[in-house]
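A.B. asks: what shape does this take:
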Amino acid sequence: MNNRVVSGTSIKYAADLDNVREVTLHGTADLSFWKEVLRQEGFFPYQEADRAILSLSAIDARWRGFKFREFVIAVGVCYNESGTSLDGYYLSHAFNSSKLLAFSERVFFGTPYSQADIQLENKLPAFIKLYDRVEVLLHAEMAMPNATPTVEYLEWKGPIFLPNRRGKFFVILAGETVIYPFLPETDRFEIKPRSRYEIFRQLIDSDFTGSVWSLRSSARHAKSKTYQ
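C.D. replies: Just a heads-up that it's a prediction; the model follows:
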């Protein structure tokens, strides 16, 4: 698929943000579980070592002078059953710290956004905390690492697919990235099992396991309108 063209039209990015602070926990989950979830959406999970690939990412950004935070849970997807090519990400759920922006995302972009309080720190020890009112929905936190991180410039361009086949939008996610392994013996990952949001039960039921942290201090996040 050509990620630069949709029905012969060049992609135009409705928002193009710089200096985004970002904390992402990449991980894996049960392949058969996500095969069943994605089958209803017309996709197959992208896989590594017979496990589905997920990303849990929090950002702190500013758009047109408006400061906000976001938390996104996405699953790597393929068009074919082999699962060997990352053709995009399926947006399972997302949260925004602004009630207005979460509402705008749902109404104008058709995206599955909810409002929540989001805290993050992209410096050591990095963490992500997600609150629904006073209830902690998710808490992921690094212990102080002993190993030297890998540092490299990474860029990903491609489609993000919406639930219920409501279309897709395109993103550019880029920047110098500091990478640490997730250490299950010392790092923290906790989810509220009885949340009103189905995605957290799905993470538990699919045995989501962290694998790698990626931290960015000045990332670029560009996003197009939603295409049907």
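
A.B. asks: look at residue 7 and report its pLDDT.
C.D. replies: pLDDT, residue 7: 44.

A.B. asks: name the strands paired with the longest strand seen in the chain and say parallel or antiparallel.
C.D. replies: In the chain, with assignment by DSSP state E, the single longest strand is strand 13-30. Note on strand 13-30: by DSSP bridges, its sheet partners are strand 51-63 (antiparallel), strand 209-224 (antiparallel).

A.B. asks: point out the most buried one among those strands.
C.D. replies: Per-stretch averages of neighbours, counted by mean count of other CB atoms under 10 Å, single out strand 51-63 among the strands paired with strand 13-30, with a mean of 21. C-beta: built from backbone N, CA, C; applies to glycine.

A.B. asks: what mean pLDDT does that one have?
C.D. replies: 97.

A.B. asks: could you do stretch 158-167 as well?
C.D. replies: For stretch 158-167, the mean pLDDT works out to 94.

A.B. asks: contacts for it?
C.D. replies: Here stretch 158-167 makes contact (CB atoms under 8 Å, 6 or more residues apart in numbering) with 1, 3, 41-43, 74, 77, 86-92, 110-112, 168-171, 226-228.

A.B. asks: now the end-to-end length of stretch 128-142.
C.D. replies: 9 Å (CA to CA, to the nearest Å).

A.B. asks: now stretch 112-121
C.D. replies: 24 Å.

A.B. asks: and it, what's its mean pLDDT?
C.D. replies: Taken as a whole, stretch 112-121 has a mean pLDDT of 95.

A.B. asks: could you list the buried residues of that stretch?
C.D. replies: Residues of stretch 112-121 classed as buried under the neighbour-count rule (16 or more other CB atoms under 10 Å) are 112, 113, 114, 115, 116, 117, 118, 120, 121.

A.B. asks: thought residue 102 was touching residue 96?
C.D. replies: Yes: in this structure, residue 102 is within contact of residue 96 by CB atoms under 8 Å, at 4.2 Å.
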